[in-house]
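Trainee: Predicted model, plus sequence, below.
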Amino acid sequence: MKIGLIVAGIVLLMILTVSIISVIENQKLKVTQYHIRSPKIPKAFHGCRFVVLADLHNACFEKDNRLLLEKIRKQQPDYIFIAGDMLVGKPKKSTEVPARLIEELAKEYPVFYGKGNHEQRISVYPETYGEMWKEYRERLGENVIWLENARVPLRKNGAAIYLYGLDLEPRFYKRLRKQPMEKEYLTQVLGTPEPETYTILLAHNPDYFSEYARWGADLVLAGHLHGGMIRLPLFGGVLSPMFHIFPKYDRGRYEEGNSTMLLSGGLGNHTVPIRVNNLPELLTVILESGETLANEGK
């Protein structure tokens with residue numbers, strides 16, 4: 001009886017500790033800066049800066065996201081890239097927070113929006129989510145460039161790089177087990193990238209990094225995993241939204257062949273708002289033209 005009470009007390013203490021830490025961490029905001037160097041990046045884009053937003057999930061950092069906007073402006077970006085899940089995909093859930101934030105950003109910067117699984121499901125299941133997607137899209141209107149299995153050229157002084165946005169089907173977000181991706185899937189939905197042109201891919205789900213690299217992405221910008229929720233020293237993230245324990249990818253920089261993936265720890269949460277040793281994260285990326293140095297970025 002006493003042992004049972006002791007165990008119950010320890011469990012309650014752990015839950016209370018995690019809850020307190022999560023409340024504190026969810027109010028903070030970390031900026032992580034990456035330098036990406038490649039001979040494929042045109043000299044015109046040397047020093048180009050962009051901010052990556054992912055997994056806001058309606059989070060608000062001070063009133064009207066004042067702190068988040070302040071942090072973004074300090075980065076002096078040329079572009080804003082959204083890697084999905086700015087809203088919460090639940091019936092009748094408000095989209096006011098992400099819509100207002102994006103409207104403010106669009107007044108100052110070009111905003112490119114790639115969908116995550118939350119945007120994806122409310123767009124394909126109107127019988128469940130009603131007019132939620134339609135109203136969100138209409139409100140943002142021409143404030144953003146939507147990249148739903150599409151690409152746009154970014155141009156500077158006669159040079160160009162390509163930005164793609166991947167809109168994965170619902171089957172690639174199933175929990176517990178990674179669903180196989182057909183060899184030609186990315187080519188079918190995105191086309192074939194030009195090998196001589198630097199290619200950036202907004203791809204919300206990082207689990208398919210190997211597939212993105214084989215397709216030809218030079219730089220992948222992803223989110224979805226929320227940093228693994230609880231991060232342990234040496235082990236990294238504990239749990240992904242796909243219910244993968246100690247996922248292969250959680251947050252940070254990853255390399256495969258000639259491809260790099262920058263995986264955001266995300267800005268917010270949904271359903272279970274747990275963050276331990278895992279501050280909400282804003283990414284700033286600086287492009288550099290030239291040969292990659294030995295061991296650079298490791």
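Mentor: Yep, it's here.

Trainee: CA only for contacts and neighbour counts going forward, please
Mentor: Will do.

Trainee: so is residue 139 in a helix, a strand, or just coil?
Mentor: Reduced to three states with DSSP: H, G, I helix; E, B strand; the rest coil, the structure at residue 139 is helix.

Trainee: Next up, phi/psi of the nearest residue in space to it that is not next to it in sequence, please.
Mentor: In this structure, residue 139 finds its nearest non-sequential neighbour in residue 99, 7.4 Å apart by C-alpha to C-alpha, 6 or more residues apart in numbering. When read as degrees, to the nearest 10, the backbone of residue 99 gives phi -60, psi -40.

Trainee: you'd agree residue 99 is up against residue 140?
Mentor: Yes: with contacts counted by C-alpha atoms under 8 Å, residue 99 reaches residue 140, the gap being 6.6 Å.

Trainee: residues in contact with residue 287?
Mentor: Residue 287 makes contact with 35, 36, 37, 41, 45, 46, 47, 48, 49, according to C-alpha atoms under 8 Å, 6 or more residues apart in numbering.

Trainee: taking the mean pLDDT, what do you get for stretch 133-150?
Mentor: Averaged over stretch 133-150, pLDDT sits at 94.

Trainee: buried set for that stretch?
Mentor: For stretch 133-150, the neighbour count (16 or more other C-alpha atoms under 10 Å) marks 133, 136, 137, 140, 143, 144, 145, 146, 147, 148, 149 as buried.

Trainee: Report how far apart the opening and closing residues of that stretch are.
Mentor: Stretch 133-150 has an end-to-end distance of 19 Å (C-alpha to C-alpha, to the nearest Å).

Trainee: contacts for it?
Mentor: Residues from elsewhere that reach stretch 133-150, judged by C-alpha under 8 Å, 6+ apart: 95, 99, 102-103, 106-107, 110-115, 119, 122-123, 126, 164-167, 189-190.

Trainee: Show me how to select, in ChimeraX, the buried members of the residues you listed.
Mentor: Applying 16+ other C-alpha under 10 Å to the contacts of stretch 133-150, the buried members can be selected in ChimeraX as follows:
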select :95,99,102,103,106,110,111,112,113,114,115,119,122,123,164,165,166,167,190
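
Trainee: For burial, what's the neighbour tally of residue 251?
Mentor: 26 (other C-alpha atoms under 10 Å).

Trainee: do you know how far it is from residue 285?
Mentor: Plainly put, residue 251 is 15 Å away from residue 285 if you go by C-alpha to C-alpha.

Trainee: Helices of the stretch 51-200 of the chain, start to end?
Mentor: Using DSSP state H, counting those that start in this stretch, the helices of the stretch 51-200 of the chain run over 66-74, 96-106, 117-124, 126-129, 132-140, 185-190.
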